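Chemist: got a structure for you, letters missing:
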């Protein structure tokens, strides 16, 4: 299990989603797990000031389709951030790697090509037990973590936009 190695006294920007609009793009495959990720993301967003009616959910067949729908949501211009949610559980074939790699690469490409903040909350796990732990109701909910990462990233970008003119060499 990975952990955050940041020191306890490291400063992080205040996470305030007031006035923000966030889309959740959810892969329906392994829907019981993804529903928990979506609940965690919604709870984290509303707990940090995002109005409930400023959060939309778009359900798609699975993780491979998430980047394409996220791109359409980004192009609409109505959201400040998009949180991708899904669950890919390792099976007996190579399909796990294909789905995991392709969805992550698609989301990364979209995040670099878009002015909309995109975070990846798609679980890639070895078994259902790991998915249950990572989608639980505690602080370990990866949907909540991806939602908070989106709000924090927006705060960092806002601080860059408000900073003084860039230094010239």
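Modeler: On my side now, so go ahead. Since we're looking at a predicted model, the values are computed, not measured. Residues are numbered from 1 along each chain as shown.

Chemist: When you work out contacts or count neighbours from here on, use the C-alpha atoms and nothing else.
Modeler: Fine.

Chemist: contacting residues around the spatially closest residue to residue 16 that is not a sequence neighbour?
Modeler: The shortest distance from residue 16 to any non-neighbouring residue, by CA to CA, 6 or more residues apart in numbering, is to residue 48 (5.3 Å). Taking CA atoms under 8 Å, 6 or more residues apart in numbering as the criterion, residue 48 is in contact with 15, 16, 17, 18.

Chemist: so which of those is the most crowded?
Modeler: Within the contacts of residue 48, neighbour counts (other CA atoms under 10 Å) peak at residue 17, which reaches 23 neighbours.

Chemist: Can you report phi and psi for the residue nearest to residue 16?
Modeler: Main-chain torsions, residue 48, degrees, to the nearest 10: phi -110, psi 30.

Chemist: ok, so what distance separates it from residue 120?
Modeler: Distance of residue 48 to residue 120, computed by CA to CA, to the nearest Å: 19 Å.

Chemist: helices or strands next to the longest helix along the chain in the packing?
Modeler: Counting residues, the longest helix found in the chain (DSSP state H) is helix 142-162. Helices and strands touching helix 142-162, by 3 or more CA pairs under 8 Å, 6 or more residues apart in numbering; DSSP states H and E, are helix 31-47, strand 81-89, strand 117-125.

Chemist: mind listing what's buried in the longest one?
Modeler: To tie it back to what came earlier, the one meant is helix 31-47. 31, 33-46 (16 or more other CA atoms under 10 Å).

Chemist: What of the second one?
Modeler: Across strand 81-89, burial judged by 16+ other CA under 10 Å covers 81, 82, 83, 84, 85, 86, 87, 88, 89.

Chemist: Could you tell me which residues make contact with the fourth one?
Modeler: Yep, that's residue 84 we're talking about. Going by CA under 8 Å, 6+ apart, residue 84 touches 24, 25, 26, 66, 67, 70, 118, 119, 120, 121, 122.

Chemist: same thing but 7 Å
Modeler: By CA atoms under 7 Å, 6 or more residues apart in numbering, the residues touching residue 84 are 24, 25, 26, 66, 119, 120, 121, 122.

Chemist: can you confirm the third one is in a helix?
Modeler: This means residue 26. No - counting by DSSP: H, G, I helix; E, B strand; the rest coil, one finds residue 26 to be strand, located in no helix.

Chemist: gap between the two ends of stretch 22-37?
Modeler: Note: stretch 22-37 ends 15 Å apart using CA to CA.

Chemist: same check, this time on stretch 82-96
Modeler: 23 Å.

Chemist: what do you get for stretch 80-99?
Modeler: Its start and end residues considered, stretch 80-99 measures 26 Å (CA to CA).

Chemist: tell me the mean pLDDT for it?
Modeler: Mean per-residue pLDDT for stretch 80-99: 93.
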